[in-house]
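**Q** no sequence on this one, just coordinates:
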């Protein structure tokens, strides 16, 4: 276990509670004894066989009729019936289909030792490389036989495998000290319970790239957008300040992907404002579907139809496009005051870019 010694985490070996090792050994044994007295639940296949036997008993115990009804052979049904009469429902469980007589190894102890010595000398080599070396010194063995010998040595624990981890590679520390995975039981119910944030590249001209940030509340579909020269943690931090000041509700949780712009300063600011930060698993944009759809809307209804100005400050002062249809969730019902005047409740905010950087 780990404990803190003067503020430094240290590894402590052994048991803190006296007798903890003995208790740990006794608890699984007592649990197995308790389970032994309870009937084991039937598997899916056993339940299906039991259902057919029940049908057979309810229809006059006629084997031929039962086999025609279920489309099975009489020999198979008789086998199930004998097991059921002898062992009850437990006898209907699937049994092992392993042959009673299996092929036994025919290699000698000397060949096994030769394979073991050669493999320990070259731990990264497999059967394809070891077999020619053994054949060159006079052993009559195939490549498949060498592979079976290696597998047998691994099962017996006689073969020492080479470590696959690079000993000179230093493991990277955890880079997300505050962000966590969204719990499965966390369900947003009110505006601000979960706001999805994402960034996208906008390329108006060859060689010109602008970074567009979008935040969308999953309940009210309220959008806050911003445009910057670069997608850095500093830009994301400035966008977070806009996100906290514009909406008419309090932001309580934010969901982002694993981009580097949502680390460092952005993560520290979320922790400072006591906002829960959820990070998505790798390659899971579908979990951020609301903001991904908003990114497409802003690209098609704003960036693709405007005349691009010379500076980013002029871009932020452009008039908004035609607003989208109002949201039918009924969460926001009163008109809301924004920098551009009144806007009907529930409508997706137009991508007017007021942030400064």
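**A** Received the coordinates, thanks. Everything numeric in this text was worked out from a predicted model, so none of it was measured.
**Q** when you work out contacts or count neighbours from here on, use the C-alpha atoms and nothing else.
**A** Fine.
**Q** for stretch 226-244, which residues meet the burial criterion?
**A** Within stretch 226-244, the residues that count as buried by 16 or more other C-alpha atoms under 10 Å are 226-228, 231-240, 242-243.
**Q** do the same with stretch 285-301
**A** 288, 290-292, 294-295, 298-299, 301.
**Q** show residues contacting it.
**A** Stretch 285-301 has contacts (C-alpha atoms under 8 Å, 6 or more residues apart in numbering) with 196-198, 200, 202, 214-216, 218, 223, 255-257, 280, 321, 351.
**Q** among those residues, which two are most distant?
**A** 280 and 321 (31.2 Å; C-alpha to C-alpha).
**Q** of those two, who's got more company?
**A** residue 280 (19 against 16; other C-alpha atoms under 10 Å).
**Q** how about the contacts made by that one?
**A** Counted by C-alpha under 8 Å, 6+ apart, residue 280 has contacts 181-182, 255-258, 287.
**Q** please repeat the previous calculation with a cut-off of 6 Å.
**A** residue 257 (C-alpha atoms under 6 Å, 6 or more residues apart in numbering).
**Q** for residue 213, same thing?
**A** So residue 213 contacts 198-199, 225-226 (C-alpha under 6 Å, 6+ apart).
**Q** what segments of the stretch 201-350 of the chain are helices?
**A** For the stretch 201-350 of the chain, helices defined by DSSP state H, counting those that start in this stretch occupy the ranges 233-245, 265-272, 289-298, 312-316.
**Q** dump those helices into CSV; add distance to residue 93 and mean pLDDT as well.
**A** Formatted as CSV, the helices of the stretch 201-350 of the chain follow (distance: least, C-alpha to C-alpha, whole Å; pLDDT from 0 to 100):
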stretch, distance to residue 93, mean pLDDT
helix 233-245, 58, 93
helix 265-272, 54, 93
helix 289-298, 45, 92
helix 312-316, 70, 85
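**Q** looking at these, which is closest to residue 58?
**A** helix 289-298 (53.0 Å).
**Q** how distant is the closest one from the center of its chain?
**A** 23 Å (C-alpha atoms, centre = their mean, to the nearest Å).
**Q** now do stretch 246-263
**A** 21 Å.
**Q** same question for stretch 153-162.
**A** With C-alpha atoms, centre = their mean, you get 32 Å for stretch 153-162.
**Q** buried sites along that stretch?
**A** 153, 159.
**Q** verify the contact between residue 181 and residue 277 for me.
**A** No. Using C-alpha atoms under 6 Å, residue 181 is not in contact with residue 277; the gap is 8.4 Å.
**Q** thinking again about what came up before, tabulate the helices of the stretch 201-350 of the chain (TSV), appending distance to residue 75.
**A** Below are the helices of the stretch 201-350 of the chain laid out as TSV (distance: least, C-alpha to C-alpha, whole Å):
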stretch	distance to residue 75
helix 233-245	71
helix 265-272	68
helix 289-298	55
helix 312-316	80
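**Q** which of those helices sits closest to residue 104?
**A** Closest among the helices of the stretch 201-350 of the chain, using C-alpha to C-alpha: helix 289-298, at 57.1 Å.
**Q** strands of the stretch 51-200 of the chain, start to end?
**A** 195-205 (DSSP state E, counting those that start in this stretch).
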